Each structure stands twice: as C-alpha cells, then as structure tokens.
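> How does the following fold in three dimensions:
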Amino acid sequence: MSSRKTKAQLLEDLEALQARISELERFESRLRQAEEQYRTACQLLTSHAYCVKIGPDQSLELEWFIGDCRPILGYAREELTELGDWIRLIHPEDLPRLKSRGERLLAGEPVVDEFRAFSKQGEVRWLRDHGVPIWDDAHRRVIRVIGATQDITDEKRAEESLRAQQGLLSHILSNVPHAIFWKDRQSIYLGCNEKLLEYTGLEKPSDIIGKTDYELPWTKEESDFYRQCDRKVIETGVPLLNIEEPLRRANGSQTTILTSKVPLRDENGQVIGILGTFNDITEQKQAQEVLRQSEERFRTLAETVPVAVCISQGTRIRYVNPALERLTGYSREELYRMDFWETIHPES
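Numbering: from 1, shown residues only. Reported below is the predicted structural model:
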C-alpha cells in the first residue's frame, strides 16, 4: 500500500485545517472584542488598564495600556511604553511579590495584589492591581494577562490613620486606672479593657465578647441589678452616674465599686448599647469605716470623761463635750454659734 495520501485525503486534511484556522480566527475575534469591552469598562471604572502578551518562552510584552498616569505617577503615557518601565517604579520591598504573582497568573489564577510605586516626584503611591489570565486551549497555556490598576493611596492613608487612632485608643484603654466595658442592647458584652480582667478572671479582653453578666463571677443578685441599670439607660437614653454597688471578684472576694453607665448611639442617634466604667472604692470604704469607728470611740470617750473637750476649726467651734457645757454654762448649740475667742475671758 502506498504511503502517499490520495487526493481525497489531502482535501479532507485541507478542509480540517481550514476549519481549525476559522475556529482560531473566531477565537481571536472574540478575544479582541472582549479586550475592547474590557478596555472600555476599565476606562470607566479604574485608573489604568493594560494587556501583557505572553510568549511561548514566557517572555512578556506590554501589548496595550490605557489611562492617564500623570495625575498619579507624574509620568506621561509615552514614558511608560515598556513593561520594564513599570517594573522600575515598583518599591524594592514589593518586588519579591511580583514573582509569586507571575507564577499564579501563568497557572491560570486571577490575582488581586497591592503594592507601592514611586511617582516621578519621588512620592510613594499605593496601587491595587487586578490581573486576569487569558487561557488558550489550543496552546494549553496563558497567552495574555489583562489587568486594571487603581490608585488606593488615599484609602491606605485613611487605613493608616485609623490604625493609629485605634492604637492610641487601645493604649488609653490599657492604661486607664478604671475598668471599662461596653455592651449591646441585650446586655451582651462587646468588649472591655484589661483592668476589668482583674475582676473577671479572663485572660484577654476578647474573651469577654459574647458573654453576659451571668457568665462572669458576679452573684445572681449583682447580675440582676447590673442588667436592670443597663435596661434603664438603654430605654431612657439617660446616663446613670456614680452608682455604688457590690461586686464579687473571680477569687471570691467582695468589693465595692462606683459605676457610671452612658448610652452608646449610632450615627443616627439611636441607642445601640451602653458604655460603662467603674472604680474600685473598696479601700476607700474600708478607710471610711475605720474613721467612723475611730470617731465613734472618741465621741464615746469624750462624752463620758469629766474633762472639758473642745474641737475648733479656725475660730469656729465644731465639737464640745458635756463637761465643757457645764463649765461654761452654754449649751452646745450656743457654743457652735460662737467664735472661739468669745469663750475666753478678756483678761486671759
């Protein structure tokens, strides 16, 4: 049998080849239409759009680029015609990510990345890049990457400012000497500072999120009262200040706290929860009790001794005992209205 193809076979091969060429032409046409639509959309939605052609040897060629670079990077479009022109603008610390990004794109994975670039004036600008690989079934590889780049410098600056504010707030909450906490409308804890952890036995502030007072060391009676106060603030929108109340610590010891609660409101002024703070006044209460007992012992002694006792503040008489009343002939009420020197004989 001859190895040479017959005329009929050659015609069949030619027809198959023509069909394949037509299929590729249709594919190229659809691809061009898609690219044109993408360019148009990118002009409306992003700062820049581009297409990088990828050769069989993975060589890269900037096929097209749209967008005005001058407002962002200070370069005219004519100054950034090659892919290398763009790569030279990337911040050195972000260059290693480009390799990983390229590998993912060549594998057919869409990639969204953020990196820094230097403007013509030397300013650092933040860019967000969306890269979409175009896969060719015939060649079984990615033949192009179409992408869009947005300037997100203002967004990054706002994020940095927010982080700085959050850091400052966190520092304040960590160092303020009072316990601070906040709850939602159902009196479920949303957060607290580290000072409150001394009373709860929890390890970190985030551990309190989602808990109620009944899940903390407080007694049921204490928890009932705390939630009653929460409800009053939430329903009336009026703060409750300097509430003296008991609190059982995680170690079982009983303390006395002075609590204030104010409503938390959203941007529309609606109450969405409460912010509370308390100061441990246990030592102060104990000192007051010691002083009260001391004063009581002194009063008992002064009231019974036969020696006259007088306590004055400046020239005002603040206390006299019965012995001084008998000595002077004045009642306590009369002595309290008198100047101290009025009780002293002029010749003394």
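
> how about the most centrally placed residue in the chain, secondary structure?
Central residue of the chain (CA atoms, centre = their mean): Q166, 5.4 Å from the mean position. Following DSSP: H, G, I helix; E, B strand; the rest coil, the label given to Q166 is helix.

> show me what contacts it?
If you count contacts by CB atoms under 8 Å, 6 or more residues apart in numbering, Q166 has none. The way it works is simple: take the backbone N, C-alpha and C, and place the C-beta from them, glycine included.

> now it: how far from I180?
Distance from Q166 to I180, counting by CB to CB, to the nearest Å: 15 Å.

> got it, and E159?
Following CB to CB, the distance that separates E159 from I180 is 25 Å.

> what about the two, which has more around it?
Between E159 and I180, counted using other CB atoms under 10 Å, I180 has the larger neighbour count: 18 against 12.

> Tell me if I'm right that that one and K195 touch.
Yes: the criterion here is CB atoms under 8 Å, and I180 meets it with K195 at 7.0 Å.

> Overlap in contacts, these two.
Common neighbours of I180 and K195 (CB under 8 Å, 6+ apart) do not exist.

> ok, T219 touching G252?
No: counting by CB under 8 Å, T219 stays clear of G252, with 10.6 Å between them.

> Neighbour count for the two, which is higher?
T219 (14 against 7).

> what's that one in contact with, if anything?
R248.

> all helices for the stretch 1-150 of the chain, in order.
In the stretch 1-150 of the chain, the helices defined using DSSP state H, counting those that start in this stretch lie at 7-45, 70-73, 83-87, 95-106.

> Go through those helices and find the least confident stretch.
Across the helices of the stretch 1-150 of the chain, helix 7-45 has the smallest mean pLDDT, namely a mean of 63.

> I143 and T81: what is the separation?
Taking CB to CB, one finds I143 at 21 Å from T81.

> These two: who's more crowded?
I143 (15 against 11).

> show me what contacts the more buried one?
K53, I54, I134, W135, D136.

> What's the local residue count around the last one?
I take that to be D136. 14.

> Enumerate every residue touching it.
V142, I143.

> now swap in the first one and tell me
Contact partners of K53, counting by CB under 8 Å, 6+ apart, are L60, E61, L62, E63, I143, R144.

> Farthest-apart pair in these, please.
Farthest pair in these (CB to CB) is L62 and I143. Separation: 14.4 Å.

> Name the residues that touch stretch 174-189?
By CB under 8 Å, 6+ apart, stretch 174-189 touches 173, 190-196, 198-199, 208-213, 226-227, 230-231, 234, 257, 264, 271-280.

> Now it: buried residues?
H178, A179, I180, F181, W182, K183, S187, Y189 (16 or more other CB atoms under 10 Å).

> now, which of those residues lie within strands?
Assignment to strands by DSSP state E places the following of these there: A179, I180, F181, W182, K183, Y189.

> Which of those sits closest to L73?
Checking these one by one against L73 (CB to CB), the nearest turns out to be W182, at 43.9 Å.

> May I have the beta-bridge partners of the closest one?
G191, L275 (DSSP bridges).

> hang on, the earlier thing: can you add distance to L95 and pLDDT and give the contacts of K53 back as CSV?
Shown next, in CSV, are those (distance: CB to CB, whole Å; pLDDT from 0 to 100):
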residue, distance to L95, pLDDT
L60, 15, 85
E61, 20, 87
L62, 18, 85
E63, 23, 85
I143, 25, 92
R144, 23, 91
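
> Most neighbours among those, which one is it?
R144 leads the contacts of K53 on contacts (other CB under 10 Å) with 18 neighbours.
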